[in-house]
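Chemist: no sequence on hand, only this structure:
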């Protein structure tokens, strides 16, 4: 792998770059919402309130994000090993099926929890 010319400071690498990425994502999404004919600021408020406004919103956000988190981790492990990985969704399905089969086979031995 090639090395970058200059290393960014930690405050820029871990604070500024993600903030810029998030801002650009909200701006692009705002333009798309404006093209549809709705108020982009109201859409952003609904988005944030729906994801983090109540306990159920946070629970559903974590529930649906878990799959993406573990899929991203599987890609990161493969990339760290210098491997190309394109089948993460199928791997997640097969892993879920494998866990379900293991749980069903130990149904009489293990407790319900």
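Modeler: Good, I have the coordinates. As the structure is a prediction and not an experimental result, all values here were calculated from the model.
Chemist: helices of this protein, residue ranges please.
Modeler: For the chain, the helices defined by DSSP state H occupy 10-11, 17-36, 40-52, 55-80, 88-105.
Chemist: so which of the ones you listed is nearest residue 112?
Modeler: Each of these was scored for nearness to residue 112 using Cβ to Cβ, and the closest is helix 88-105 (10.5 Å). Where C-beta positions appear, they are placed from N, C-alpha and C, glycine not excepted.
Chemist: which other helices and strands contact that closest one?
Modeler: helix 55-80 (3 or more Cβ pairs under 8 Å, 6 or more residues apart in numbering; DSSP states H and E).
Chemist: tell me which residue lies nearest the centroid of this protein.
Modeler: Closest to where the C-alpha atoms of the chain average out (Cα atoms, centre = their mean) is residue 68, at 4.2 Å.
Chemist: how close does that residue get to residue 74?
Modeler: Distance of residue 68 to residue 74, computed by Cβ to Cβ, to the nearest Å: 11 Å.
Chemist: coming back round to it: kindly reformat the helices of the chain as TSV containing distance to residue 111 and mean pLDDT.
Modeler: Putting the helices of the chain into TSV (distance: least, Cβ to Cβ, whole Å; pLDDT from 0 to 100) gives the following:
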stretch	distance to residue 111	mean pLDDT
helix 10-11	46	88
helix 17-36	42	95
helix 40-52	34	91
helix 55-80	23	87
helix 88-105	12	86
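Chemist: can you put those helices in CSV and add distance to residue 112?
Modeler: Below are the helices of the chain laid out as CSV (distance: least, Cβ to Cβ, whole Å):
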stretch, distance to residue 112
helix 10-11, 46
helix 17-36, 41
helix 40-52, 31
helix 55-80, 20
helix 88-105, 11
